[in-house]
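Asker: Mind looking at a prediction? Sequence and model below.
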Amino acid sequence: MSTAIITGITGQDGSYLAECLLAKGYDVVGMVRRSSTVTFQRIKHIQDDITIIQGDLHDQSSLVDVIERYRPDEVYNLAAQSFVPTSWNQPVLTGEVTALGVTRLLEAIRLINPQTRFYQASSSEMFGKVREVPQSESTPFYPRSPYGVAKVYAHWITVNYRESYDLYAVSGILFNHESPRRGLEFVTRKISYGVARIKLGLSKELRLGNLESRRDWGFAGDYVEAMRLMLQRGAPEDFVIGTGVTHSVRELCELAFSHVGLDYNDFVVQDPNFYRPAEVDLLVSDPSKAVKDLEWQPKIGFEELIHMMVDEDLKRLALEID
Ligand code: NDP
Ligand code: GDR
């Protein structure tokens, strides 16, 4: 039986990846940071099937301890300060966790168990002010936020450890992926939750930033399968994962509000507070390498995804106010 450590298991992707690996028969160890309140909402249904261990990407010795104790076959590094706007308010913390944290984890693996296979959660935000459309594994990076800059460092340190120390270390460059478990501040969930609140009479408006922003949005449950596939190959290689299709935030609003019989024009307010100091350009993936070499395809389309998210939020909120 293989052992996998997931950092960031309490996050959106961590919860789906844990489910995916458990279904494949892995021993799953989840690394969580110490907190005064429990952050296990997304994994409470599988808590008895996984091992939880404390560790923090800030803290080298906790990472050494985790690798020493479990000597894992695979490590999936999903932990990060992952919200782009926060990275302008907390650029140093973002660099510490999202960039240097990766070096700390790679050092622990190199020194203690170099046969461990390592997955780094890289991001389409690294393409930022895009050099070409669509973006593939060979597209140069031009990040536009402290978060994007930190992810570029994390990407290159992963490549560097692969080349310097012959580690099986890969970088999965994933475009936006969403789900009913998405954090409330990200735009898809902010909209699905906002629509549900308005429909149930709990709110009268939804304040958003730039409605013309476009993203390549997929379903998180599909994307974690690509992470696993990247660690099962003969040789380590990086992959771009996305749908190859973009939609605007405006289209997202239209779809989500009309799903419950409402017109978004009656409720959405554009608020400059949600604009960003610098935006990325047209992010759209070219996932053809993953389709060919990993035999990976997204299964859930944009419309189905947004309907699923709105339906789940309606269900959850209806239970809460019952
Ligand atoms: P989330 O924000 O939902 O989860 C982030 C996780 O990291 C949480 O479990 C959080 O713990 C943990 N974490 C934060 N800081 C630390 C730290 N110092 N030490 C240990 N753990 C920490 O992110 P997602 O699940 O959406 O994304 C997973 C990864 O993939 C991230 O690295 C993200 O940057 C990257 N990514 C995500 C994409 C997406 O569209 N979702 C696209 C491309 C890349 P806690 O619960 O305690 O806060
Ligand atoms: P992103 O996701 O920055 O792409 O990062 P987010 O959902 O925050 O923004 C997507 C786009 O929507 C526009 N937008 C708004 N965004 C938010 N959050 N709130 C709003 O009110 C709003 N109005 C418009 C934004 O300007 C942006 O263009 C996500 C994260 O998961 C990263 O960790 C990951 O690396 C990338 O996706 C790929």
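Answerer: Noted; the coordinates are in hand. Ligands and ions are numbered 1, 2, ... in the order given.

Asker: Now residue 240: closest residue in space that isn't a chain neighbour?
Answerer: Among residues not flanking residue 240 along the chain, residue 173 sits closest, at 4.7 Å (C-beta to C-beta, 6 or more residues apart in numbering). Backbone N, C-alpha and C define where each C-beta goes, glycine included.

Asker: Tell me who's in contact with that neighbour.
Answerer: Counting by C-beta atoms under 8 Å, 6 or more residues apart in numbering, residue 173 makes contact with 122, 123, 124, 126, 137, 155, 238, 239, 240, 241.

Asker: and the helix or strand hosting it, is it in reach of ligand 2?
Answerer: Using DSSP states H and E, residue 173 sits within strand 169-174. No - using C-beta under 6 Å from any ligand atom, strand 169-174 stays clear of ligand 2, coming no nearer than 6.6 Å.

Asker: Can you dump the C-alpha atoms of that strand in CSV for me?
Answerer: What follows is strand 169-174, C-alpha atoms only, in CSV (Å, rounded to 0.1, in the frame of the first residue of the first chain):
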residue,chain,number,x,y,z
ALA,A,169,9.5,16.3,-8.5
VAL,A,170,6.8,17.7,-10.8
SER,A,171,4.9,20.9,-11.2
GLY,A,172,1.2,20.8,-12.2
ILE,A,173,0.3,24.1,-13.7
LEU,A,174,-3.4,24.2,-13.0
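
Asker: I'd like the mean pLDDT over it, please.
Answerer: The average pLDDT within strand 169-174 is 98.

Asker: Kindly report the same for stretch 3-14.
Answerer: 98.

Asker: In this structure, which residue sits closest to ligand 1?
Answerer: residue 11 (2.1 Å; C-beta to the nearest ligand atom).

Asker: Against residue 96, how distant is the residue of the stretch 51-200 of the chain found nearest ligand 2?
Answerer: Residue nearest to ligand 2 within the stretch 51-200 of the chain (C-beta to the nearest ligand atom): residue 123, separated by 3.1 Å. Distance, residue 123 to residue 96, using C-beta to C-beta, to the nearest Å: 17 Å.

Asker: again, but for residue 264
Answerer: From residue 264 across to residue 96, the span is 39 Å (C-beta to C-beta).

Asker: who's more crowded, these two?
Answerer: residue 264 (22 against 16; other C-beta atoms under 10 Å).

Asker: need the next SSE after the helix or strand containing residue 93, C-terminal direction.
Answerer: Element membership of residue 93, judged by DSSP H and E, is helix 91-94. Going down the chain from helix 91-94, the next helix or strand is helix 101-112, by DSSP H and E.

Asker: residues of that following helix that come out buried?
Answerer: For helix 101-112, the neighbour count (16 or more other C-beta atoms under 10 Å) marks 101, 102, 103, 104, 105, 106, 107, 108, 109, 110, 112 as buried.

Asker: Surely the fifth one is in contact with residue 57?
Answerer: It stands for residue 105. Yes - taking C-beta atoms under 8 Å as the definition, residue 105 is a contact partner of residue 57 at 6.8 Å.

Asker: what's the overlap in contacts for those two?
Answerer: By C-beta under 8 Å, 6+ apart, the residues touching both residue 105 and residue 57 are 7, 63.

Asker: Give me the neighbour count for the nearest residue to residue 43 once chain neighbours are set aside.
Answerer: Spatial nearest neighbour of residue 43, excluding adjacent residues (C-beta to C-beta, 6+ apart): residue 15 at 5.1 Å. Around residue 15 there are 27 other residues, counting by other C-beta under 10 Å.

Asker: Now name the helix or strand holding residue 15.
Answerer: Going by DSSP H and E, residue 15 is in helix 12-23.
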